[in-house]
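>>> Let's see this in three dimensions:
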Amino acid sequence: MSVTGFVFFTHASCELKLDRGKIAAILIFEGYWFKRFVSRGILPSLDDVSIHEGEPPNMLIKRAPDIKSSEVTDEQTYLNRRLFIRGAVLAGSVAATGFIYRKLNPPTAVVEERPKIAGLITPTSDESIAKGFKVSETATSFEDITNYNNFYEFSTEKRSVASEARGFITKPWTVEVGGLVNKPKTFDLDDLLKLAPPEERIYRHRCVEGWSMVIPWVGFPLNALLKQVDPLSTAKYVAFQTLLDPKRMPNQNTTVLDWPYVEGLRLDEAMHPLTILATGLYGGTLPPQDGAPIRLVVPWKYGYKGIKSIVKISLVANEPPTTWNIQVPEWYGFYSNVNPNVSQTRWSQATEHRIGEYTSRPTLLFNGYADQVGHLYQGMDLNVNY
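Numbering: from 1, shown residues only. Have a look, this model is predicted:
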């Protein structure tokens with residue numbers, strides 16, 4: 001089918017005429033939200049929609065002499081029905097119209113150069129690729145990484161996060177680390193940055209919504225921080241918490257999620273060398289919309305495990321609560337490992353769309369890091385422990 005011209009969506013409630021090229025862009029980049037709106041009844045299911053190109057379909061229109069007087073609707077009934085239909089269409093389509101308008105008219109991209117990070121260690125060897133510290137794939141553009149973000153503390157609109165987060169103050173900043181440890185401590189951000197040399201890690205990033213990126217993070221292994229506090233033998237898990245400050249993170253004034261955002265890992269996952277605390281990307285300091293000043297990155301898990309703007313880390317004995325598992329436990333398990341064989345939400349995870357590309361690609365088990373992390377889950381049923 002041609003991607004030029006117009007397409008008509010015909011449904012019992014209304015008919016919508018849209019440029020086919022723009023619809024294609026929406027369906028490629030926003031398939032997740034299309035499905036969510038259908039599931040909530042805001043947009044009609046494709047089963048209830050007829051789609052055709054060109055001009056609207058031919059309609060049977062009777063000529064005046066063919067119409068019997070008994071078939072003529074009286075004026076008052078006609079007007080009442082017209083008002084009712086107009087109200088129903090408005091109520092059912094206003095959210096969808098706003099959704100489509102926002103997708104066709106996104107905010108202007110925010111591209112701000114970040115201060116460069118001194119002393120950056122860059123992975124260059126084949127050994128780095130074998131360890132998973134680097135992938136031989138084209139990195140996603142800085143503009144896309146910094147303007148296509150899930151960060152509900154600022155906005156639920158991906159392309160609005162950057163503008164909403166502009167001006168977010170990240171100094172002073174401290175991270176409290178405690179719980180089942182011998183040496184609890186509250187670290188200033190500058191102290192954290194001195195724990196280990198900054199390393200560039202070029203990781204795949206896979207969102208549960210079905211899109212992916214390749215991001216050149218800058219950070220240091222989480223295990224460097226955990227070793228500083230000396231975990232007790234009873235510590236089995238690590239819990240994380242995002243900043244709770246509705247004045248600085250205005251969308252925390254809403255009930256879209258239970259605040260603050262919380263996440264967790266098993267201790268052996270947290271100690272794995274691929275698990276990092278990121279403080280930058282593309283060689284510069286981390287932008288606010290990407291989780292500044294410090295966030296978690298676990299490349300073999302879905303992106304929502306990468307908790308942002310961390311202020312508290314606790315070592316605990318039992319599996320900690322996690323935000324999306326609290327919201328929809330049947331969809332979002334504690335482990336949240338990337339798995340093409342498990343439809344973690346209501347659709348398949350077998351393929352993904354790489355931002356900047358126009359076709360889908362197969363999703364890899366553990367996001368392509370099976371050789372490095374598969375042993376962590378030996379003997380586990382990944383269909384149950386998802």
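
>>> Next up, phi/psi of residue 202, please.
Note on residue 202: its backbone torsions stand at phi -100, psi 100 [degrees, to the nearest 10].

>>> tell me the pLDDT at it?
Per-residue pLDDT puts residue 202 at 98.

>>> Export stretch 292-311 to PDB, keeping only CA atoms.
Written as PDB, here are the backbone C-alpha positions of stretch 292-311 (Å, rounded to 0.1, in the frame of the first residue of the first chain):
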ATOM      1  CA  ALA A 292      20.200  13.100  36.500                       C
ATOM      2  CA  PRO A 293      22.300  13.200  38.500                       C
ATOM      3  CA  ILE A 294      22.500   9.400  39.000                       C
ATOM      4  CA  ARG A 295      20.500   6.400  37.800                       C
ATOM      5  CA  LEU A 296      20.600   2.700  37.600                       C
ATOM      6  CA  VAL A 297      21.300   0.900  34.300                       C
ATOM      7  CA  VAL A 298      20.800  -2.900  34.100                       C
ATOM      8  CA  PRO A 299      21.100  -3.600  30.300                       C
ATOM      9  CA  TRP A 300      19.600  -7.100  30.300                       C
ATOM     10  CA  LYS A 301      16.300  -5.900  31.900                       C
ATOM     11  CA  TYR A 302      13.500  -3.800  30.600                       C
ATOM     12  CA  GLY A 303      14.100  -0.100  30.900                       C
ATOM     13  CA  TYR A 304      11.700   0.600  33.700                       C
ATOM     14  CA  LYS A 305      14.100  -1.200  36.000                       C
ATOM     15  CA  GLY A 306      16.500   1.600  35.500                       C
ATOM     16  CA  ILE A 307      15.300   3.800  38.300                       C
ATOM     17  CA  LYS A 308      16.300   7.500  37.900                       C
ATOM     18  CA  SER A 309      17.400  10.400  40.200                       C
ATOM     19  CA  ILE A 310      18.200   8.000  43.000                       C
ATOM     20  CA  VAL A 311      18.300   9.300  46.600                       C
END
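
>>> for it, the distance to its chain's centre please.
How far stretch 292-311 lies from its chain's middle: 11 Å, per C-alpha atoms, centre = their mean, to the nearest Å.

>>> Name the residue closest to the centre of the chain, please.
Nearest to the mean C-alpha position of the chain, counting by C-alpha atoms, centre = their mean, stands residue 150 at 4.3 Å.

>>> can you map out the helices along the chain?
Assigned by DSSP state H, the chain shows helices spanning 20-29, 31-39, 75-104, 126-131, 142-145, 161-165, 189-193, 222-229, 267-271, 323-327, 370-373.

>>> hang on, the earlier thing: please name the residues that touch the closest residue to the residue nearest to the centre of the chain other than its chain neighbours.
Using C-beta to C-beta, 6 or more residues apart in numbering and skipping the chain neighbours, the partner closest in space to residue 150 is residue 158 (6.3 Å). In this view, the C-beta of every residue, glycine as well, is placed from N, C-alpha and C. For residue 158, the contacting residues are 148-150, by C-beta atoms under 8 Å, 6 or more residues apart in numbering.
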